[in-house]
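Chemist: Let's see this in three dimensions:
(one chain, ligands or ions: 2)
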Amino acid sequence: MKDYKIVICGGGSTYTPGIVKNLLDVKDELAIRELWLYDIDGERQDRVARVVQAVVDANDPGLPLHVSTEPSEAFAGADFIMAQMRVGGLPMRIKDEQISLKHGVVGQETCGAGGMAYGMRTIFPMVELIDTCEKYAAPTYWIVNYSNPAAIVAKATYKLRPNARILNICDMPVEIEARMAEILNCPLSNLEVDYFGLNHYGWFTKVRCRGVDVTEQLKAHVREHGYLAAASMDDALVKDPDWAHTFKNSATITSLFTDYLPNTYWQYYLLPDACVAYMDINNTRGMQVVNGREKRVFAASDALARGEQIDLTQFYVGVHGAFIVDVVKSLAHDLRHRRLVIVPNNGAIENLSDDATVEVPAYLTDRGPEPVRVGAIPRFYKGLIEQQDACEGLIVEAAIEGSYEKALQAFTLNRTIPSAAVAKAVLDDMIEANQGYWPELR
Ligand code: G6P
Ligand code: MN
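Modeler: Numbering: from 1, shown residues only. Ligands and ions are numbered 1, 2, ... in the order given. Next comes the predicted model:
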């Protein structure tokens, strides 16, 4: 069996130990020759790497783990690059959230003003990663990118590097599918969905369990309880009160708009006032991650340095990591697994322009995704999607052209922002906070 050099770009992420566990879970199906962690923040990465080494020791002791901040060695001959960069780190995530909330608008990692700010920070580092892979990686490399904000990043990479071997993905749909599986008491592997939209902005149009259409039954449950069932309460993500609240919130949207089942992220766009009321400027999601997941990983790393034993299972990420690894496997072995991925539209949604950046089911082959044609979509959904796709496209153009006005247009078009005046006020504060990260806007 062919073996692969795999690089995790953004090795210092608190998710890395979990992702590595998912990789090692399938070591018999995806042979790893060398595993590399790469990050621009060497100190942070070294702390996380100590936990990753413990995961390797426990699951595949012979596997060579390398840790590097030098692109020429980390990416040399790489077959798969799993990209999970967070430009500006969690401190900038928190700024995005707080600046937005200060202006009374949704303060969120990928949606609204925070998402657009994060997008402006990430576009060029992502392009740089592609260029680095073109230079050093194996000619058949694949970047499996789940760096956020995935919608804007995908749009930028498809526009600026159309021939790059990059596949942009997001785990949210599959996390929702896991909740659906719990509601239906149907194994996740027997569930199949139809879906259309943009990333963090899509709808499930059909859900089948073992080939049987269960959409209406599922809608009835979600209208009542959101994406939560008794069986969900054991899930690590649902145990997080913020995530439980998010899964529950889909009840309102499913009651208002009855055609399809929503992605959880619709709460920010369709119920922004309720979201702002729920959010706490002194305890944003980013702050919760710093005080929760990040603290736990660093404490585990320190304990390992003192020679103590730690409980590694607390870092295992389940569905989300398994999905990412399955995408890698499918690209490596031409498995043609049907997964939701982010692709240039090119007719997948019949009545949207070709250059829209859509999230739809696709068969994953060793030559990349073969998207499914989902047909034409009704006016309400088309209107929502065209507005948001224009917003995201304008952020990409603003970054490329250094255009203040296009950035202002993007902020104004975003559904979470009520007026051009608010858009300008938030944008001006974001420019100030992002000095050194954003391209200069004139
Ligand atoms: C989901 C989304 C990701 C996002 C993450 C945030 O998994 O698909 O795009 O990054 O949630 O989770 P967190 O626990 O960091 O708020
Ligand atoms: Mn996502």
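Chemist: which residues does the one residue in the chain that gets nearest to ligand 2 contact?
Modeler: Residue nearest to ligand 2 within the chain: Cys170 (3.4 Å; Cβ to the ion). The way it works is simple: take the backbone N, C-alpha and C, and place the C-beta from them, glycine included. Cys170 makes contact with Tyr146, Ala150, Asn199, His200, Leu340, Ile342, Glu359, according to Cβ atoms under 8 Å, 6 or more residues apart in numbering.
Chemist: check which helix or strand covers it.
Modeler: For Cys170, there is no host helix or strand (DSSP states H and E).
Chemist: Mind jotting down where the helices sit in the stretch 251-400 of the chain?
Modeler: Assigned by DSSP state H, counting those that start in this stretch, the stretch 251-400 of the chain shows helices spanning 266-270, 272-278, 285-289, 295-305, 319-333, 379-401.
Chemist: what's in contact with the second one?
Modeler: Okay, so that is helix 272-278. 101, 104-108, 112, 245, 249, 252, 267-268, 415-416.
Chemist: which residue packs closest to His103, ignoring adjacent ones?
Modeler: Nearest residue to His103 in three dimensions, chain neighbours excluded: Val426, at 4.8 Å (Cβ to Cβ, 6 or more residues apart in numbering).
Chemist: Checking that neighbour next. Helix, strand or coil?
Modeler: Recorded secondary structure, Val426: helix (DSSP: H, G, I helix; E, B strand; the rest coil).
Chemist: Can you read off the pLDDT for Val127?
Modeler: For Val127, the model assigns a pLDDT of 98.
Chemist: wait, I meant Met1
Modeler: Looking at Met1, its pLDDT reads 83.
Chemist: residue contacts, Thr157?
Modeler: Neighbouring residues of Thr157 by Cβ under 8 Å, 6+ apart: Met126, Val127, Ile130, Asn145, Ala164, Ile166, Asn168.
Chemist: Now with 7 Å, please.
Modeler: Residues counted as contacts of Thr157 (Cβ atoms under 7 Å, 6 or more residues apart in numbering) are Met126, Val127, Ile130, Ala164, Ile166, Asn168.
Chemist: just checking, the fifth one touches Ser147?
Modeler: No - with the criterion set as Cβ atoms under 7 Å, Ile166 and Ser147 do not qualify as a contacting pair; they are 10.4 Å apart.
Chemist: In PyMOL, select just the buried ones from the contacts of helix 272-278.
Modeler: Here is the PyMOL command that picks out the buried ones among these, judged by 16 or more other Cβ atoms under 10 Å:
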select buried, resi 101+105+106+107+108+112+249+252+267+268+415+416
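Chemist: CSV please, covering the contacts of helix 272-278 and showing pLDDT and distance to Gln388.
Modeler: As requested, these are exported to CSV (pLDDT from 0 to 100; distance: Cβ to Cβ, whole Å):
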residue, pLDDT, distance to Gln388
Leu101, 99, 21
Gly104, 98, 20
Val105, 99, 15
Val106, 98, 13
Gly107, 98, 18
Gln108, 98, 14
Gly112, 98, 11
His245, 97, 23
Asn249, 97, 19
Thr252, 98, 20
Gln267, 98, 15
Tyr268, 98, 11
Arg415, 98, 7
Thr416, 98, 10
